[in-house]
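Novice: I'd like to go over a predicted model; first the sequence, then the structure.
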Amino acid sequence: MSYKKLFDLKGKTALVTGGSGILGTHFCSGLADAGANVAVVDINNQSANELASKLENIYSVRAKGFGCDVSDPISVSLMVKAVVEHFGEINILHNNAAGKSDDLNAFFAPFEDYDLDQWRKIMSVNIDGMFLIAQAVGKQMIKQGKGGSIIQTSSIYGVMAPDHRIYKGSFYLGRQINTPAVYSASKAAVIGLTKHLATYWADSGIRVNTLSPGGTESGQNEEFSRLYSARVPLGRMARAHEMVGALIYLASEASSYVTGQNIIVDGGLQAW
């Protein structure tokens, strides 16, 4: 047996939601580098197409961008149909999109004052979107009759609570930040959805797993990085590319007997 070939994704088509985001760009690149054709799905159609063009040029695979609002059932249905029409099938789903708020004051508001509409807006992407995408792509995988691999992105804060002390003096995007309860609740729900689908679709040969990143460098200020890193056994925040190896493992035949699991890439944070 060639163990190296277990990680080979040539001939597979991978659909990645949130594909042109900070982590999504690395995820799409990693899948393409492993040989997969990539459907880059993002709310921003232009950035999705720009990334797809780069993937084709760099990795010599087929790639195409697709605009989609994952919280809208019609948008999801049309996107999946377009992906299948273009690539022929879907073998790998990375259910990765997460909600962002246009109103950072509302998003980072104290729990006691948190607005229900803001809560529902984030949930509509972080868990409703996960449901809609998994439902549509899972149905397509069953129709194909070849099984498949679904990976859903959660977060370390879907597993454990944030240490609220590290946010004192911590800034991101020009303002003081926290991890709101809606983020933790939605990411914990992703793990529950994964476990349910792993057992529900097992007899169709569809494996479903979760990838939970720890805190990843993306422009946080030095104080936040220092305080967060002090909580991590490896002594630093993650770098975006360090999430890719776990994704390739879960997407490939290297993990053919792995389903219903949550792979945590956090530098050992949860161990403490």
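Specialist: Good, I have the coordinates.
Novice: where exactly do the helices run in the stretch 51-200 of the chain?
Specialist: With DSSP state H, counting those that start in this stretch, the ranges of helices along the stretch 51-200 of the chain come out as 73-87, 104-107, 116-126, 128-144, 181-200.
Novice: Compare those helices and say which comes out lowest on pLDDT.
Specialist: Among the helices of the stretch 51-200 of the chain, helix 104-107 carries the lowest mean pLDDT, a mean of 88.
Novice: Report the central residue of this protein.
Specialist: In the chain, the residue lying closest to the centroid (C-alpha atoms, centre = their mean) is N96, at 2.3 Å.
Novice: Just the mean pLDDT for the longest strand that the chain contains, thanks.
Specialist: In the chain, taking DSSP state E as the definition, the longest strand is strand 206-213. Computed over strand 206-213, the mean pLDDT rounds to 98.
Novice: contacting residues around it?
Specialist: Residues from elsewhere that reach strand 206-213 (C-beta atoms under 8 Å, 6 or more residues apart in numbering): 23, 134, 138, 141-142, 147-156, 158-159, 187, 190-191, 194, 197-198, 201, 238, 243, 246-247, 250, 255-256, 258-266. (Each C-beta comes from the backbone N, C-alpha and C, glycine too.)
Novice: Surely V232 is in a helix?
Specialist: No: per DSSP: H, G, I helix; E, B strand; the rest coil, V232 lies outside any helix segment and is coil.
Novice: Settle this for me: it is touching Q270, isn't it.
Specialist: No: using C-beta atoms under 8 Å, V232 is not in contact with Q270, being 9.9 Å away.
Novice: Neighbour count: these two, which is higher?
Specialist: Remark: of V232 and Q270, V232 carries more neighbours, 19 against 14, as counted by other C-beta atoms under 10 Å.
Novice: need the contact list for that one.
Specialist: Residues near V232 by C-beta under 8 Å, 6+ apart: 214-215, 266-269.
Novice: hmm, try it at 6 Å
Specialist: Shown in contact with V232 (C-beta atoms under 6 Å, 6 or more residues apart in numbering): 267, 269.
Novice: And it, how close does it get to Q118?
Specialist: 30 Å (C-beta to C-beta, to the nearest Å).
Novice: try V258
Specialist: Distance of V258 to Q118, given as C-beta to C-beta: 36 Å.
Novice: Number of residues surrounding the closest residue to I43 other than its chain neighbours?
Specialist: Once flanking residues are discounted, I43 sits nearest to D69: 5.9 Å by C-beta to C-beta, 6 or more residues apart in numbering. Close neighbours of D69, defined as other C-beta under 10 Å, add up to 16.
Novice: Might one say that D69 is in contact with S77?
Specialist: No: contact status for D69 versus S77: not in contact, 11.4 Å apart, counting by C-beta atoms under 6 Å.
Novice: Secondary structure element for E50, which one?
Specialist: Under DSSP states H and E, the secondary-structure element containing E50 is helix 45-59.
Novice: Tell me the strands beside the helix or strand harbouring V40, with direction?
Specialist: According to DSSP H and E, V40 maps onto strand 37-42. Partner strands and pairing direction for strand 37-42 (DSSP bridges) are strand 13-17 (parallel), strand 63-67 (parallel).
Novice: going on from the first one, what's the next piece of helix or strand?
Specialist: By that I understand strand 13-17. On the C-terminal side of strand 13-17, the nearest following helix or strand under DSSP H and E is helix 22-33.
Novice: lowest-pLDDT helix or strand in the chain?
Specialist: Every helix and strand in the chain was compared by mean pLDDT, DSSP states H and E; the lowest is strand 171-172, with a mean of 70.
Novice: Just the buried ones from the contacts of strand 206-213?
Specialist: Buried residues within the contacts of strand 206-213, counting neighbours by 16 or more other C-beta atoms under 10 Å: 23, 134, 138, 141, 148-156, 158-159, 187, 190-191, 194, 197-198, 201, 238, 243, 246-247, 250, 255, 259-266.
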